[in-house]
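Chemist: A structural model of the following input is requested.
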Amino acid sequence: MSAAALRLYGACAIRNTEQVEQLRAAHPGAQDELLTWGLITLEDQPGGVPGVRDPQHALQRRTDEVLAAAEAQVALLKNLPALSAELTHHYEAVQLRASGGASIYLDDQAAVNARLQDVVGGARREVLAAQPGGPRDQMLLDKAMARDSVALDRGVEMRTLYRDTVRDHPVTAQYARAMSGRGAGRSAQYRTLAGSFERMILVDREYAVVEDHIVAGSPPHAAWLITDPASVAVLARVFDTQWMWARPWSGELRARRGDGRDTIGSSSVEGARTTRRQRQIMRYLCNGMSQATIARKIGVSERKLAEEIAGLKALWQVSTMNELIYQWAQSVDQRVDDGAPADSSAGAEHSAA
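Modeler: Residues are numbered from 1 along each chain as shown. Model (predicted):
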């Protein structure tokens, strides 16, 4: 109870009309406070001064009210586990799960976004995002900046892998500059990779959200929430490998000719010397594929592939595979985007940025 209400009660008790009016004028809420506590009454009171009630009875009523409210809260707390179990049962009944229950299929866009907000918002250590959709729009990036800044401020490491085409997009570049150059606290990290890769987001290496490749006719935004430790570990390994070969980016814009693709063995990236097939071989090598697997993927014999790799070594004047991969990583050739044009509307976003 406020000091003003106590003073007003004392003034009412001695029926000091002048003091009552002064306190009412200076503290309009004091009288309501006393009425709520049941300490005064306005009925049949001459002179406009409220009548006082026995504080023992009033306080006992107040005590009973508070105890009743506390008992209701305790009952609610006791019932929460059962309520949670029942709600979870109803919610999960409509979710398609992979065998073992470690993956949940989400085909409703609102459900996808809600799960992402829960999982990403609860990150404790790390958020890894692979976003192959190309440049982002301003509205998406504005939302991401506010949310990601909160995560960075609480110490979460954030690494995002973008497609190489974002280096030509001023809006995305401005966002990357702001988030990678934050003056206080942790900054976000960005890298870009030419060509296509799978969209995913990993949180604390415990949760993964990926696009759907299982359900026939699923909507573009459909996704799977994966919690199986083995599956998440493999996806994290894939991300780490792609991150290692990607180029660091802090939002610098680049002048490019064309869209970064070639169709007849020449490149639209200035200074590039490789053909589309040579770049494909190099990307497979950087992803750790064996030569037998690469030969099968591009439809040539292992002997023919060995000849092509020898030609690549000669191009960069190196003798070992490690030297070849190093030279490729430093070259402008790995900037060439031989993938399909970016489509930011295709597939689930899996992250606001």
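
Chemist: Point out the other helices and strands that the helix or strand hosting residue 231 packs with.
Modeler: Using DSSP states H and E, residue 231 sits in helix 229-245. Applying 3 or more Cβ pairs under 8 Å, 6 or more residues apart in numbering; DSSP states H and E, we find helix 229-245 packed against strand 126-131, strand 157-163, strand 189-193, strand 200-203, strand 207-211. For glycine as for every other residue, the C-beta is placed from the backbone atoms N, C-alpha and C.

Chemist: How far does that helix sit from its chain's centre?
Modeler: 18 Å (Cα atoms, centre = their mean, to the nearest Å).

Chemist: Just the buried residues of that helix, please?
Modeler: Residues of helix 229-245 classed as buried: 231, 232, 235, 236, 238, 239, 242, 243, 245 (neighbour count, 16 or more other Cβ atoms under 10 Å).

Chemist: Could you verify my assumption that the third one touches residue 211?
Modeler: No - taking contacts as Cβ atoms under 8 Å, residue 235 lies outside contact range of residue 211: 11.9 Å.

Chemist: Give the residues shared as contacts by the two.
Modeler: residue 200 (Cβ atoms under 8 Å, 6 or more residues apart in numbering).

Chemist: mind showing which ranges of this protein have poor pLDDT?
Modeler: For the chain, the stretches with pLDDT under 70 are 44-47, 89-101, 134, 183-185, 255-271, 339-353.

Chemist: need the helices for it, in chain order.
Modeler: Taking DSSP state H, the helices of the chain run over residues 3-13, 17-26, 28-37, 55-92, 109-121, 138-153, 170-180, 229-245, 276-286, 291-298, 302-316, 321-330.

Chemist: is it true that residue 141 touches residue 175?
Modeler: Yes - with contact defined as Cβ under 8 Å, residue 141 reaches residue 175; the gap is 4.3 Å.

Chemist: out of the two, which sits in the more crowded spot?
Modeler: residue 175 (25 against 20; other Cβ atoms under 10 Å).

Chemist: quick one: that one and residue 140, what's the gap?
Modeler: Distance of residue 175 to residue 140, given as Cβ to Cβ, to the nearest Å: 9 Å.

Chemist: Please apply the same query to residue 154.
Modeler: Distance from residue 154 to residue 140, by Cβ to Cβ: 22 Å.

Chemist: got the contact list for residue 230?
Modeler: So residue 230 contacts nothing (Cβ under 8 Å, 6+ apart).

Chemist: got the contact list for the closest residue to residue 319 other than its chain neighbours?
Modeler: Closest residue to residue 319 apart from its sequence neighbours, by Cβ to Cβ, 6 or more residues apart in numbering: residue 313 at 6.5 Å. Residue 313 makes contact with 319, 323, 324, according to Cβ under 8 Å, 6+ apart.

Chemist: quick one: which of these is most hemmed in?
Modeler: Result: residue 324 is most packed of those (other Cβ under 10 Å), 20 neighbours.

Chemist: just checking, it touches residue 317?
Modeler: No - using Cβ under 8 Å, residue 324 makes no contact with residue 317, being 10.1 Å away.

Chemist: Let me know the distance separating the most centrally placed residue in the chain from residue 337.
Modeler: Centroid check for the chain by Cα atoms, centre = their mean gives residue 120 as the closest residue, at 4.0 Å. According to Cβ to Cβ, residue 120 and residue 337 sit 28 Å apart.

Chemist: follow-up on the earlier one: what's the closest of the helices of the chain to residue 186?
Modeler: Residue 186 lies closest, by Cβ to Cβ, to one member of the helices of the chain: helix 138-153, at 4.6 Å.

Chemist: and the closest residue in space to residue 62 that isn't next to it in sequence, what does it touch?
Modeler: Using Cβ to Cβ, 6+ apart and skipping the chain neighbours, the partner closest in space to residue 62 is residue 37 (5.8 Å). Contacts for residue 37 were tallied using Cβ under 8 Å, 6+ apart; they are 1, 5, 58, 59, 62.

Chemist: From the residues you listed, pick the one nearest residue 80.
Modeler: Closest to residue 80, out of all of the contacts of residue 37 and judged by Cβ to Cβ, is residue 62, at 27.4 Å.

Chemist: what angle do the helix holding residue 231 and strand 157-163 make?
Modeler: 70 degrees (axes from the mean of the first three to the mean of the last three Cα atoms, to 10 degrees).

Chemist: CA atoms only for helix 229-245, dumped as PDB, please.
Modeler: Output in PDB follows, covering the C-alpha atoms of helix 229-245 (Å, rounded to 0.1, in the frame of the first residue of the first chain):
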ATOM      1  CA  PRO A 229      22.500 -36.300 -33.800                       C
ATOM      2  CA  ALA A 230      24.100 -38.300 -36.500                       C
ATOM      3  CA  SER A 231      22.200 -36.500 -39.300                       C
ATOM      4  CA  VAL A 232      22.900 -33.100 -37.900                       C
ATOM      5  CA  ALA A 233      26.600 -34.000 -37.500                       C
ATOM      6  CA  VAL A 234      26.800 -34.900 -41.200                       C
ATOM      7  CA  LEU A 235      25.100 -31.700 -42.300                       C
ATOM      8  CA  ALA A 236      27.500 -29.700 -40.100                       C
ATOM      9  CA  ARG A 237      30.400 -31.500 -41.700                       C
ATOM     10  CA  VAL A 238      29.000 -30.600 -45.200                       C
ATOM     11  CA  PHE A 239      28.600 -26.900 -44.100                       C
ATOM     12  CA  ASP A 240      32.200 -26.800 -42.700                       C
ATOM     13  CA  THR A 241      33.600 -28.200 -45.900                       C
ATOM     14  CA  GLN A 242      31.700 -25.700 -48.000                       C
ATOM     15  CA  TRP A 243      32.700 -22.900 -45.700                       C
ATOM     16  CA  MET A 244      36.400 -23.900 -46.000                       C
ATOM     17  CA  TRP A 245      36.300 -23.500 -49.700                       C
END
